[in-house]
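Engineer: When you get a sec, could you give me coordinates for this:
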Amino acid sequence: MSYSCIHCGSVYEERLSWCWTCMSSDTLVRLPSRPRSHLAGEPRRASARELAAAAWTMVESAAYPLLRILAGALVIIYGGPGAGKSTMGMKWLNKLEGAVLYVPLEEGLGPATSERCSRLAVRRSDFHMLSGGTVDDLAAEVARVKAKALCIDSVTVSQLLPSEVRQLLEATSLQLLIGTCQVNKAGQAAGVKGWTHEADVVLRIEDGQYELEKSRYQPLGLQGGI
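Structural biologist: Now for the predicted structure:
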């Protein structure tokens, strides 16, 4: 059995009353008991030319044209309940060209997701959805539909590790992976240090507005409506 700190993402083999890394108390939560993902062991290969070309390819979405996103980006969106994380993720995917995959783990394939699709006019046949399964099932679905982009709503509920999400991005045909993230009592993204350290872009949402808090591609402080 393993435990992870929701503040810094440190992992321990036993449950402690405090985290030795960030010294926070009562922040260790149990990680899911499952075998190491096959995906985590998949070899990744590329030539220098291929890697350089991928690094400078823009992933453009008409929904948020001011955000500079390059191929291979991991984007984390966090905010309080009802802030608009799911709306932003779905809207972002819907305005991308090519097949996309949306994973509504919090709401499932039920009325709430259906209502959001209707409200955002998401009717594309290549806007695929999946709920449940393992990380390997998710990788297989990405390959099956040839998805260009993926949104996991939310990575907190999925109980995936940040490193596994990065491996999913790198081991598939995905050009963009968006993960929504719940907040802890301090108003920070749950497991904030693990997710924000791994992410290429971090967006905080409050009152229907987003703010760029981290980016490897452009200056910070950019704001806009979701």
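Engineer: Is the residue nearest the centre of the chain bridged to anything, and to what?
Structural biologist: The residue lying closest to the centre of the chain (Cα atoms, centre = their mean) is G179, at 1.7 Å. On the basis of DSSP bridges, G179 is bridged to I76, I152.
Engineer: Correct me if wrong: it contacts K85.
Structural biologist: No - if you go by Cβ atoms under 8 Å, G179 and K85 don't touch, sitting 9.6 Å apart. Bear in mind the C-beta positions are built from the backbone N, C-alpha and C, glycine included.
Engineer: Find residues that contact each of these two.
Structural biologist: Common contact partners of G179 and K85 (Cβ atoms under 8 Å, 6 or more residues apart in numbering): I77, D153, S154.
Engineer: show me the contacts for the second one.
Structural biologist: Put plainly, it is D153. Applying Cβ under 8 Å, 6+ apart to D153 gives the contacts K85, S86, G89, M90, Y102, V103, P104, L105, E106, E107, G179, T180.
Engineer: okay, among those residues, which ones form the most distant pair?
Structural biologist: E107 and G179 (15.3 Å; Cβ to Cβ).
Engineer: Show me what L101 bridges to in the sheet.
Structural biologist: Beta-bridge partners of L101, as defined by DSSP bridges: H128, L150.
Engineer: From F127, how far off is it?
Structural biologist: 8 Å (Cβ to Cβ, to the nearest Å).
Engineer: Over to Q182?
Structural biologist: 24 Å.
Engineer: likewise E50?
Structural biologist: Look at E50 and F127: by Cβ to Cβ, they are 28 Å apart.
Engineer: same question, R144
Structural biologist: Counting by Cβ to Cβ, the gap from R144 to F127 is 14 Å.
Engineer: cool, L105 as well?
Structural biologist: L105 is 17 Å from F127, where distance means Cβ to Cβ.
Engineer: hang on, Y210 in a strand?
Structural biologist: Yes - applying DSSP: H, G, I helix; E, B strand; the rest coil, one finds Y210 inside a strand.
Engineer: Who are the contact partners of the residue nearest to the centre of the chain?
Structural biologist: Applying Cβ under 8 Å, 6+ apart, the residues near G179 are L74, V75, I76, I77, C151, I152, D153, S154, V155, V165, W195, A199.
Engineer: Thought Q182 was touching the third one, still the case?
Structural biologist: The reference is to I76. No - with contact defined as Cβ under 8 Å, I76 does not count as touching Q182 (11.2 Å).
Engineer: Settle it for me: which of those two has more neighbours?
Structural biologist: Applying other Cβ atoms under 10 Å to I76 and Q182 shows that I76 carries more neighbours, namely 27 against 18.
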